[in-house]
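>>> the following block contains a protein sequence and its predicted model.
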Amino acid sequence: MEKQFTSIYRIREYGLSWGIRIQISARIEKDSGGIKISHNLFYENKVENIKLTTQEINLLLAGIKWVNSLIINKIKFPIKIVLEKIELNECDYQSEGLFYAIAFWASETFKFSLPQYEFKYDEENGKYIFPNLTDDIEKANA
């Protein structure tokens, strides 16, 4: 079993022309290699089109962990998520968006509802704020 899935994660506060857009392409393999997320869920990073920082990789891993229980409910055997490509426009990008972008990819791929989260645009600093991101990361890594 190997299937390829692509999703486009977008947020934009109503009335603003600027938002975050991240396109993720990954495949699912019937495999138990790579970084262990949980008993039946593994991860491997094979992104070559952009250089990911350690912080960005950690945000991706935490995003998968955040929805881990929802993924596990949809699978019957060990799988590995192989991240292959991330497309973004530097003008429409914030690294924090990777956490929710990979969770969004998983929700579309495994057909579950993405957990609720908040965001708002901070006009003074010219960026989006995710007020619960720290708590969501801590829950994911618990």
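Yep, that arrived.
>>> tell me where this structure has strands.
Counting by DSSP state E, the chain has strands at residues 2-11, 20-29, 35-38, 41-45, 79-88, 120-122, 127-129.
>>> now the first one: buried residues?
Spelled out, it's strand 2-11. The neighbour-count criterion (16 or more other C-beta atoms under 10 Å) identifies 7, 9, 11 as the buried residues of strand 2-11. Every residue, glycine included, has its C-beta placed from N, CA and C.
>>> partners of it, with directions?
In the sheet, strand 2-11 lines up against strand 20-29 (antiparallel) (DSSP bridges).
>>> what's the angle from the strand it pairs with to strand 41-45?
Per axes from the mean of the first three to the mean of the last three C-alpha atoms, to 10 degrees, the angle that strand 20-29 makes with strand 41-45 is 120 degrees.
>>> where does this structure have low pLDDT?
By pLDDT under 70, the weakly predicted segments of the chain are 1-2.
>>> Y117 reaches F104, doesn't it?
No. Contact criterion C-beta atoms under 8 Å: Y117 and F104 do not qualify, at 10.1 Å.
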